[in-house]
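Trainee: show me the folded form of this:
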Amino acid sequence: MQWLKIILLRTLRASSIFTVSILLLLALAGCRSRGEAESHHQHAAGDVGKLSNPQAAPEDYRAADKASPITKEWASLFDGKTLEGWAITDFSAHGPVKVEDGKIILESGAMTGVNFTNAIPRVNYEIELDAMRVDGGDFFCGLTFPVKENPCSFIVGGWGGGVVGLSSLDGEDAAHNETMQVMKFDDGRWYHIRLRVTAEKIQAWIDKEQVVDVSIADRNIGIRIELELSKPLGIATYSTTGAIKNIRMHRI
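Mentor: From the prediction side, this is the model:
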């Protein structure tokens, strides 16, 4: 029987070593997996940060600004007949886009928009257009525009139909920063929208009323991730059919 006890003890000892080895391997694998997961999470968070507040090298915006043929004279960006100079923004589940009776119709979708495809100024310019909410209950003009190397959006009629403001300032969107106003917009009525961008300020008017006058010195300028595809100059609607016409721009 003594030999049997010896065999059993050796077997148990070997089994213990094997078990400990397996546990150590599992623990190491778990640490590696956690490390990889944390690294992936940090990388993903970095990507989101870039999307919500993209940064370009200063020479990039200066080169783009210099490449634009826009001068101090007002230049039309829409011929009233075709989408020449514009592309339909590749938003997921966007509605149809068409030109009709001198206007661009952005039919209701999850988000529908157009992007200007030619070079534009990146600072010290004005852009103006006429916009109408045909039907729907949210923004009928989300105008995305450049501020030097950063993008920003002027939202007209968002958050249920009435919010006006800039998205985003210091990470806060139009409903939560100091540019927020609530206005009433009637379906079927044209509103004249004018935006002025300088190195020091962003200003905006609806008809003759100034609705934005904000200093951007030492401010973090960005956009909501949903409007990334509108860069650098685009116009979009959200769950709303909108119409746009008389789009023009000049340097100041």
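
Trainee: which stretches in the stretch 51-200 of the chain count as strands?
Mentor: Applying DSSP state E, counting those that start in this stretch to the stretch 51-200 of the chain gives strands spanning 75-76, 86-88, 97-100, 103-106, 112-116, 125-136, 141-147, 150-158, 163-167, 181-182, 190-197.

Trainee: in the second one, what counts as buried?
Mentor: For strand 86-88, a neighbour-count test (16 or more other Cβ atoms under 10 Å) marks 86, 88 as buried. Any C-beta I mention is one placed from the backbone N, CA and C, and that applies to glycine too.

Trainee: just checking, what packs against that strand?
Mentor: For strand 86-88, the packing partners by 3 or more Cβ pairs under 8 Å, 6 or more residues apart in numbering; DSSP states H and E come out as strand 112-116.

Trainee: tell me the angle of the strand it packs on relative to strand 125-136?
Mentor: Here strand 112-116 runs at an angle of 160 degrees relative to strand 125-136 (axes from the mean of the first three to the mean of the last three Cα atoms, to 10 degrees).

Trainee: need the residues that contact strand 112-116.
Mentor: 77, 83, 85-89, 91, 94-97, 104, 106, 142, 229-231, 233-237, 244 (Cβ atoms under 8 Å, 6 or more residues apart in numbering).

Trainee: check the residues you listed for burial and list the buried ones.
Mentor: 77, 86, 88-89, 91, 94-95, 97, 104, 106, 142, 229-231, 233-237, 244.

Trainee: can you lay out the strands of the stretch 51-200 of the chain as CSV showing mean pLDDT?
Mentor: Formatted as CSV, the strands of the stretch 51-200 of the chain follow (pLDDT from 0 to 100):
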stretch, mean pLDDT
strand 75-76, 98
strand 86-88, 98
strand 97-100, 98
strand 103-106, 98
strand 112-116, 98
strand 125-136, 98
strand 141-147, 98
strand 150-158, 97
strand 163-167, 98
strand 181-182, 97
strand 190-197, 98
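
Trainee: do you know which of these lies nearest residue 223?
Mentor: Residue 223 lies closest to strand 150-158 among those, at 4.8 Å (Cβ to Cβ).

Trainee: show me the contacts for residue 95.
Mentor: Neighbouring residues of residue 95 by Cβ under 8 Å, 6+ apart: 106-109, 112, 241.

Trainee: quick one, phi psi at residue 124?
Mentor: phi 60, psi 60 (degrees, to the nearest 10).

Trainee: from memory it sits against residue 200, does it?
Mentor: No. Look at residue 124 against residue 200 with Cβ atoms under 8 Å: they stay out of range, at 10.0 Å.
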